[in-house]
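Student: pasting a predicted model and its sequence here:
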Amino acid sequence: MIIDIYYVIPEIFISLSLMFLLLFGVFKKNSSSTVYSLSILILIISIPLILNVPSTGELLIFNESYKIDYLSNFIKILIVISTLFVLLTSSQYLKSIKIYNVEYPILILSSILGMMVMVSSNDLIVFYIGLELQSLALYVLASFNRDNVLSSESGLKYFVLSALSSGLLLYGCSLVYGFSSSTNFSQISLNYGDSTQGIIFGMVFILVGLAFKISAVPFHMWAPDVYQGSPTSVTLFFAILPKIAALTVFIRFLYTPFINLIDQWQTIIIFLSIASMLFGAVAAIGQKNLKRLIAYSSISHMGYALAGLTTGTNEGIQSSVSYISIYLVMNLAFFSCIFMLKREDKYYESIDDLSGLSKNHPLLSFSLLIVLFSLAGIPPLAGFFAKFYVFMAVIEQSMFFLAIVGLLATVVAAFYYLRIIKVIYFDNEVEKYDTNHSIGLKLSLIIATVLILTYFIYPNSLIDFVSKIDLV
Amino acid sequence: MNIPILSLLICVPTVGALFILFTKSTEKYNSHKYISVFISIINFILSIYLWYKFDNSNSSFQFVENREWIYGFINYKVGVDGISILFVVLTTFITPLCILSVNSTIKNRLKDFLVAILIMESLMIGVFCSLDLVIFYLFFEGGLIPMFLIIGIWGGARRVYSAFKFFLYTLLGSVLMLVAIIYIYWISGTTDVEKLYEIGIDAKYQKILWLAFFSSFAVKTPMWPVHTWLPDAHVEAPTAGSVLLAAILLKMAGYGFIRFSIGLFPIGSDYFVSFVYVLSLIAIIYTSLVALMQEDMKKLIAYSSVAHMGFVTLGIFTMTQQGLEGSIFQMISHGIISAALFLCVGVIYERMHTREIKRYGGIVEVMPKYSIIFMIFTLGALGLPGTTGFIGEFLILMGAFKDNFLVAVIASLGVILGAAYMLWLYKRVVFGELINEDLKNLVDLNKSEVIILTLLAIPSLYFGFYPEPLINTVEVSVSNLIDNYNANLEIYMANKK
């Protein structure tokens, strides 16, 4: 038991330091920028701590309720690094709209602590604790700009709907426990034997709850409003981190307790995937607000990530994980660009505000151009490879319908990305925006854009990591 | 000899583009223009050196470079044979002229324009060199980005509509090809073109794979009935964009038919020959008739491009030595002649700001030099003996007669129609009385225009009288392709019995 603690040092470190930060913030006045910098430092320190955890093979600790393997470590690193960039990009934004409070980084830290527990969980209860820890923090984050009506509305909306889905998920968990008499992932698949009816019921409820978390169609209704209403920095957080965590949990559920029910869940995931790809592509066409548009775009991206999971093969899981890794870089770049649309402490987030951007801000427009073409999946940018890997895995299993529908959806989706490019490059200019951005923002935009642009030179850089994931 | 000359050809323009992107032009904007002309001329010299070193008598791929790109899966593999080398040279020949022709018409953002054209050159050379399906797809699709921007930023009044149409049409065609490429990997275990030529693709998949590739190439060629993006794109694109589009982009698909559709799927190709014949004939006759009715000069030439590409697809699928050589010849010839025609239209558009044929007439009185050069290319486009256009069409028709008499007769009608619309265009623009007052102030060609157009006229006349160098280059590769094709078909037929 004591030796097990060694493997969860990163989680323990983050939880201790966030408690410390909380006390520090409460007792010291005007400490928000110190807390902010400290939380960045904490994230940086936790990277080597995670790397220090052995990642070969599969390690079950705490009565087999917690799993340490390559996938969990890889995802944890992704989570920490992307949170780091989220904090780096958003400090200036938070200051401008006057929500640069102590609680903000603390909530973010507790949310990612929940995610780290989620991705490592090997037990229904541990999983649920992690899920709720991340969700509770997210509800508060969504309504963090409490003087703003839209922000409060989005927080409430997210809370109500998410609580409902958590309820469904919990009901599913209880059904699964009832029919398999175990909460342990590895035990569940051994216990239910031939009587699968009840388990399937439970599985469907669990999948519905998870689909809600990654906003897959038809459980996506909350996403556009919450994305639009939340402060932009929180939207960035929403667009990346809960999705990584929830997708990993999808992998955990589908490939450990429910692996024998592949015939049943395959149909469900295929449906979720196709519906998300098509709906996300079509619904985004009419949007005028960039954050709302990115909500629909992320719905459709989740469709592609799920498409990889439908295969039931290692290649499929790997392709999904690489999809989500590339997706987070693209989103980071896109939001960095949105953060730069600022004029005298007022932020702009409508597509029309981008009009003629290329004349006054050539480099910013160039980055947006790269990001948008990459989101659309045009070679040789990174977004193409993300889709390419997924379709490699899908076509290996001869699922042509899924592949062709998915690729046709990219053509539809290309239309709305092109529309933004049209506004940036072909339309008449509006006033100039400020150029005094923080170094962290500039740095993350440059890093993300260069990664997207030069990924094709050495694609093995990602494959090296992802190909070690071995679950089936 | 270990210089990776093909990679150099691909990289030099991109490096130049990056250099231009990150430097500031000193006096006005000229220095950037001359830098990019210089870069593209270096590339042209490299490609001529490549052609000089190329061994005509060898049918296999030469100058092959093979590097691991994604572990055990895709290799970065480039190489040229007799067919692709001509397209590489065509690309490097057209690009500097294209950049030279850029003048006052591109007022804003000249720098970005040059960057886009240079990157486009890299991608186009990549398409013709790549020997791996995935690498080919990357280059093939990557070209959409710069072309979309060229049409959209520097185009005419309806540029947004045309740019979107161009982009979405071609993307829609290509995604099916991507599915097919991935599927080929799973059934054959490789996407290396050379290896696929050796092991062949299982006969039962060939028809469906052929259709998937066809969907992409047909849009890009463009074949009837998916040709409608081309007139729009041409009309709205700036002159240099039209030139690139007509001269090189359209050839990617013709090249793709030869290299992939015929090379990889002989049984599929054989099955669909009559289908392609019908579409090609419709393209030849129908679009020629449409061209007759056009009032906009650029649109007329755009429709004539569709008709000419109809000849190309017809020639390719005759599967005869003459037909294939003719098609390749026709593509090269069309690359030069249509580029020149678009430049000619550009010249008077710049002066008069209209492309409407009705507004012109009798300009021979004020622009004698222009009229002569325009005539050379008009005659080239209608296939007068002594120009490259004639040899291409003649060889294609010869091939067609060998294969199918009726098809050849109908295609020959297209030649007459071609003469009709080109001569009528020339008559309406150049001859007649000079009625329109504005036209009297027209200035004849200036020096740089004369140089550019003459440089284009020289090869189209030279190879028209002496086609040997081109034919020699392609001959062995083409006959090898046809032997391979026939051998595959024979095996298939024998197995069927």
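Tutor: It's in.
Student: alpha carbons only for contacts and neighbour counts from here, please
Tutor: OK.
Student: list the contacts for residue 449?
Tutor: Going with chain A. A:Met330, A:Ala333, A:Ser367, A:Ile370, A:Val371 (C-alpha atoms under 8 Å, 6 or more residues apart in numbering or on different chains).
Student: oops, wrong one, chain B.
Tutor: Counting by C-alpha under 8 Å, 6+ apart, B:Glu449 touches B:Ser101, B:Val347.
Student: so where is chain B shaky, pLDDT-wise?
Tutor: B:1-2, B:25-29, B:104-105, B:107 (pLDDT under 70).
Student: let's see that with 80 instead.
Tutor: The model of chain B has pLDDT under 80 over residues B:1-3, B:23-30, B:71-72, B:103-110, B:156-157, B:434-442, B:496-497.
Student: which stretches of it form strands?
Tutor: For chain B, the strands defined by DSSP state E occupy B:62-70, B:74-80.
Student: between the ones you listed, which one is closest to B:Gly126.
Tutor: Closest to B:Gly126 of these is strand B:74-80 (C-alpha to C-alpha; 8.1 Å).
Student: then the closest one to PDB, C-alphas only?
Tutor: C-alpha atoms of strand B:74-80 as PDB (Å, rounded to 0.1, in the frame of the first residue of the first chain):
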ATOM      1  CA  ILE B  74       5.400   5.400 -46.200                       C
ATOM      2  CA  ASN B  75       8.600   6.400 -47.800                       C
ATOM      3  CA  TYR B  76       9.400   9.700 -49.200                       C
ATOM      4  CA  LYS B  77      10.100   8.500 -52.700                       C
ATOM      5  CA  VAL B  78      10.600  10.600 -55.800                       C
ATOM      6  CA  GLY B  79      11.900   9.800 -59.200                       C
ATOM      7  CA  VAL B  80      11.200  10.600 -62.900                       C
END
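Student: report the distance from it to the chain centre.
Tutor: From the chain centre to the centre of strand B:74-80 is a distance of 22 Å (C-alpha atoms, centre = their mean, to the nearest Å).
Student: buried residues in the helix ranked longest in chain B?
Tutor: Longest helix in chain B by number of residues (criterion: DSSP state H): helix B:321-352. The neighbour-count check on helix B:321-352 (16 or more other C-alpha atoms under 10 Å in any protein chain shown) flags B:321-349, B:352 as buried.
Student: ditto for stretch B:470-488
Tutor: So, applying 16+ other C-alpha under 10 Å, buried residues of stretch B:470-488: B:470-471, B:473-479, B:481-482, B:484-486, B:488.
Student: tell me the residues of the stretch 51-200 of chain B that contact chain A?
Tutor: B:69-71, B:138-139, B:141-142, B:145, B:152-153, B:160, B:164, B:168, B:171-172, B:175-176, B:179, B:182-183, B:186 (C-alpha under 8 Å from any C-alpha of the partner chain).
Student: and the residues you listed, which are buried?
Tutor: Neighbour-count burial (16+ other C-alpha under 10 Å) applied to these gives B:69-70, B:138-139, B:141-142, B:145, B:152-153, B:160, B:164, B:168, B:171-172, B:175-176, B:179, B:182-183, B:186.
Student: I'm done for today, thanks for sticking with me.
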